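Visitor: All I have is the shape, not the residue letters:
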């Protein structure tokens, strides 16, 4: 008996753990879904359909691509949620079958006991049945039997109605999950339709850029020159710094960035959208032309404040023509670079803490991370 009780306790614990894990997974998927929906909404607000400038058009192209990527992730999220819903529906279907089988047995047993009850008339003639006993002990035994039989009949009735209620509840839950699954399918279909529309918008942008090929080519060459200039300025400042670390870490201030901090740095603009990805990418309209980005470009919409991603010392601040101000902050062997700032709040030599507002942008922020003279992908370092 103890062994059976242990088995039951183990099964209950296992079921509870599974339910808890499923609940946590569902909550995580819901959070991811909400984040993707918010990201899509934010990107939509940044797309400028009025401006015909080449830079704005290419930015719209990149934003549309980011939007499509987010929608594809959302479709994947909805697929996972649908599979989870289908698994729940299967479990509820099996539960309903089990209850139905149990109900069949309970109905038969209850019917048999009712028939016996009315045949022996235990309720109506119970006292006569007891008083007809030849001895007091026999009468007591008959009284006990009568009470136990009545209690058993009531218990059987309670079990029958309890299982009928459980079946109704299970069927209602199953219908609710089926309705939710149908909504997921409709949402998934709608998202796929939006992706098709946005792919067509991308094609229209490419066609427009091809019509302005000479203008687009000039703009691309100018942008590459600006990036080379920025790259040269950053390298010059980093070389000038060497490996000197001028800041001593303390309990509340640690300027020495390490690999263990990957995925934990603050976003330089809170809730920003990535409008330009790191690395080499083919130009949207120019054949055999690659666009090189040593960092990422960020647009925070109405939020223009730029904040420091990690504790550090400002080692460089320079105005780069009409591209605004560049600020370089040293974090031990690493550097964070903030470009296209229009108003700067810090100067070289300032020792500032993570989260400090170092300036503001008018449109986009160009952000880079370097380790010595090696350029790193900032996305890998920013908090997930």
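Guide: Ah, there it is. Worth saying up front: this structure is predicted, and the values here are computed from it rather than measured. Residues are numbered from 1 along each chain as shown.

Visitor: Report the residue spans of this structure with pLDDT below the cut-off.
Guide: By pLDDT under 70, the weakly predicted segments of the chain are 1-30, 110-111, 113-153, 242-248.

Visitor: Which parts of it are strands?
Guide: Secondary structure of the chain (DSSP state E): strands located at 273-276, 279-282, 290-293, 296-299, 305-307, 312-319, 325-331, 334-344, 351-352, 357-371, 374-376.

Visitor: I would like the residues contacting the third one, please.
Guide: In other words, strand 290-293. For strand 290-293, contacts defined as C-beta atoms under 8 Å, 6 or more residues apart in numbering pick out 220, 223, 224, 227, 276, 277, 278, 279, 280, 281, 282, 283. Just so you know, the C-beta spots here come from the backbone N, C-alpha and C atoms, and that holds for glycine as well.

Visitor: which two in the residues you listed are spaced the farthest apart?
Guide: Greatest spatial distance among the contacts of strand 290-293 (C-beta to C-beta): 220 and 278, at 17.9 Å.

Visitor: Compare these two (neighbour count), which wins?
Guide: The neighbour comparison of residue 220 against residue 278 (other C-beta atoms under 10 Å) goes to residue 278, with 21 against 18.

Visitor: Contact partners for that one?
Guide: Under the criterion of C-beta under 8 Å, 6+ apart, the contact list for residue 278 reads 293, 294, 295, 296, 377, 378, 379.

Visitor: is it true that residue 216 touches residue 223?
Guide: No - the criterion here is C-beta atoms under 8 Å, and residue 216 misses it with residue 223 at 10.5 Å.

Visitor: Look at the two and report which has more neighbours.
Guide: residue 216 (22 against 16).

Visitor: one step back: only whichever of the contacts of strand 290-293 are buried, select them in PyMOL.
Guide: Buried residues among those (16 or more other C-beta atoms under 10 Å), as a PyMOL selection:
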select buried, resi 220+223+227+276+277+278+283
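
Visitor: how about TSV for the contacts of strand 290-293, with distance to residue 351 added?
Guide: Formatted as TSV, these follow (distance: C-beta to C-beta, whole Å):
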residue	distance to residue 351
220	39
223	34
224	35
227	29
276	30
277	32
278	28
279	32
280	36
281	37
282	42
283	41
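
Visitor: of the contacts of strand 290-293, closest to residue 357?
Guide: The shortest approach to residue 357 among these belongs to residue 276, at 22.5 Å (C-beta to C-beta).

Visitor: On the strand side of things, show who the closest one bridges to.
Guide: Judged by DSSP bridges, the bridge partners of residue 276 are residue 297.

Visitor: Report the contact partners of it.
Guide: Residue 276 is in contact with 62, 293, 296, 297, 364, 366, counting by C-beta under 8 Å, 6+ apart.

Visitor: hang on, residue 48 packs against residue 56?
Guide: Yes - taking contacts as C-beta under 8 Å, residue 48 lies within contact range of residue 56: 5.4 Å.

Visitor: show me where the stretch 51-200 of the chain has helices.
Guide: 54-120, 126-131, 136-211 (DSSP state H, counting those that start in this stretch).

Visitor: Out of those helices, flag the one nearest residue 267.
Guide: That would be, of these and by C-beta to C-beta, helix 54-120, which comes in at 15.0 Å.

Visitor: How far does the closest one sit from its chain's centre?
Guide: For helix 54-120, the distance from its own C-alpha centre to the chain's C-alpha centre is 20 Å (C-alpha atoms, centre = their mean, to the nearest Å).

Visitor: so what secondary structure elements neighbour it?
Guide: Other helices and strands packing on helix 54-120, by 3 or more C-beta pairs under 8 Å, 6 or more residues apart in numbering; DSSP states H and E, are helix 2-46, helix 136-211, helix 213-241, strand 273-276.

Visitor: Report the inter-axis angle for the longest one versus helix 213-241.
Guide: Computed with axes from the mean of the first three to the mean of the last three C-alpha atoms, to 10 degrees, the direction of helix 136-211 lies at 110 degrees from that of helix 213-241.

Visitor: chain center to helix 136-211: distance?
Guide: Centroid separation between helix 136-211 and its chain, computed with C-alpha atoms, centre = their mean, is 25 Å.

Visitor: tally of neighbours for the residue lying closest to residue 201 once chain neighbours are set aside?
Guide: Nearest residue to residue 201, sequence neighbours excluded (C-beta to C-beta, 6 or more residues apart in numbering): residue 64, at 5.8 Å. Neighbour count for residue 64, taken as other C-beta under 10 Å: 19.

Visitor: Begin at 49, not 1, for the rest of this chat.
Guide: Shifting the count to begin at 49 puts that one at residue 112.

Visitor: What are the structural domain limits within the protein?
Guide: 50-251, 261-428 (automatic domain parsing).

Visitor: What is the end-to-end distance of the shortest one?
Guide: With C-alpha to C-alpha, to the nearest Å as the measure, domain 261-428 spans 34 Å from end to end.

Visitor: how close does the residue nearest to residue 249 sit to residue 245?
Guide: In this view, residue 112 and residue 245 are 10 Å apart by C-beta to C-beta, to the nearest Å.

Visitor: Residue 279 too?
Guide: 38 Å.

Visitor: And these two? Which one has more around it.
Guide: residue 279 (15 against 10).

Visitor: picking that back up, could I get the strands of the chain as a markdown table with distance to residue 132?
Guide: A markdown table is the format used below for these (distance: least, C-beta to C-beta, whole Å):
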| stretch | distance to residue 132 |
| --- | --- |
| strand 321-324 | 29 |
| strand 327-330 | 35 |
| strand 338-341 | 38 |
| strand 344-347 | 33 |
| strand 353-355 | 38 |
| strand 360-367 | 44 |
| strand 373-379 | 42 |
| strand 382-392 | 40 |
| strand 399-400 | 45 |
| strand 405-419 | 37 |
| strand 422-424 | 37 |
